[in-house]
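J.: Sequence below, structure please.
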Amino acid sequence: MLKHKGTVPLESERLELRRFTLNDAEAMFKNWTSDEEVARYMRWNAHKSIDETKNVLIKRIEKYNNLGTYHWAIVLKGTDMPVGNIVLMTSNEYDRCAEVAYCLGKQYWGRGIITEALITVLKFGLNEVNYNRIEAYHSVNNIASGKVMKNAGMRYEGRMRKKYLSHVGFEDSDLYAILREDLLDTI
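T.: Numbers count the residues shown, from 1 in each chain. Next up is the predicted model:
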């Protein structure tokens, strides 16, 4: 049985993962939602105005009342500015399975930030919420995202043909996953 807790604050060596607030709109817009390159493999278009980002935030914040919602702002310690986001979504309550997805501002790529955030969320999901399996997938063209998953202890499970529709069309995706029993071996 899952033990939903909602988007509680999480912490790692360099990061704080916290709930979004409406005050985060400017940083989100500046750091990632307006960037075409960041949005390239996503299902959303780069935002043209801060109002688009505010509308996304309002919807996101409304969902925090549901304890099954897990959507964190990624904040570097010592700042209060979000540099990305990470979300954990239950895909099957009965089987205790979830998916994880993330996004990070381009100026923060290559620093291990998203790997650190992912490890923190995987530990939380497997240990605290009691998921048995957490999956993630990425476009085969987004090799860096696969490296993040692997570095976080997730295992490659295969390629899914035309898994999702992005800005470039339907994309093949590589699937990674981690199980509760893998946790001791990998993280």
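J.: got a list of what Ala152 touches?
T.: Thr115, Leu118, Ile119, Leu122, Ile178, Ile187 (CB atoms under 8 Å, 6 or more residues apart in numbering). In short, each C-beta sits where N, CA and C put it, glycine included.
J.: what's the distance between the fourth one and Arg133?
T.: Distance, Leu122 to Arg133, using CB to CB, to the nearest Å: 11 Å.
J.: Name the member of the contacts of Ala152 with the most neighbours.
T.: Ile178 (27 neighbours; other CB atoms under 10 Å).
J.: Now Gly169: phi and psi?
T.: With angles defined as degrees, to the nearest 10, Gly169 sits at phi 120, psi -170.
J.: now, which of the contacts of Ala152 lie within strands?
T.: In strands, defined here by DSSP state E, the members of the contacts of Ala152 are Ile178.
J.: Pick out the lowest-pLDDT one from the contacts of Ala152.
T.: Within these, Ile187 has the lowest pLDDT, namely 51.
J.: tell me the two of the contacts of Ala152 that are most distant?
T.: Comparing every pair within these by CB to CB identifies Thr115 and Ile178 as the most remote, at 13.0 Å.
J.: May I see the buried residues of stretch 140-158?
T.: Asn142, Ser145, Gly146, Val148, Met149, Ala152, Gly153, Met154 (16 or more other CB atoms under 10 Å).
J.: An error on my part: the question was meant for stretch 175-185.
T.: Using 16+ other CB under 10 Å as the burial criterion, the residues of stretch 175-185 that qualify are Leu175, Tyr176, Ala177, Ile178, Asp182.
J.: just the contacts of Ala152 now: which is nearest Lys59?
T.: Using CB to CB, Leu118 is the member of those that sits closest to Lys59, with 23.6 Å.
J.: now the residue nearest to the closest one when sequence neighbours are not counted: how far from Asp182?
T.: Nearest-residue entry for Leu118: Ala152, 4.2 Å, with adjacent residues in sequence omitted and distances by CB to CB, 6 or more residues apart in numbering. Ala152 sits at a distance of 11 Å from Asp182 (criterion: CB to CB).
J.: do Trp109 as well
T.: According to CB to CB, Trp109 and Asp182 sit 26 Å apart.
J.: In three-state terms, label Thr79 for me.
T.: Reducing the assignment to helix, strand or coil with DSSP: H, G, I helix; E, B strand; the rest coil, the entry for Thr79 is coil.
J.: tell me the contacts of it?
T.: Thr79 touches nothing, counting by CB under 8 Å, 6+ apart.
J.: Then Pro82?
T.: For Pro82, the residues meeting the contact criterion (CB under 8 Å, 6+ apart) are Phe20, Asp24, Ala27, Met28, Asn31, Ala73, Ile74, Val75.
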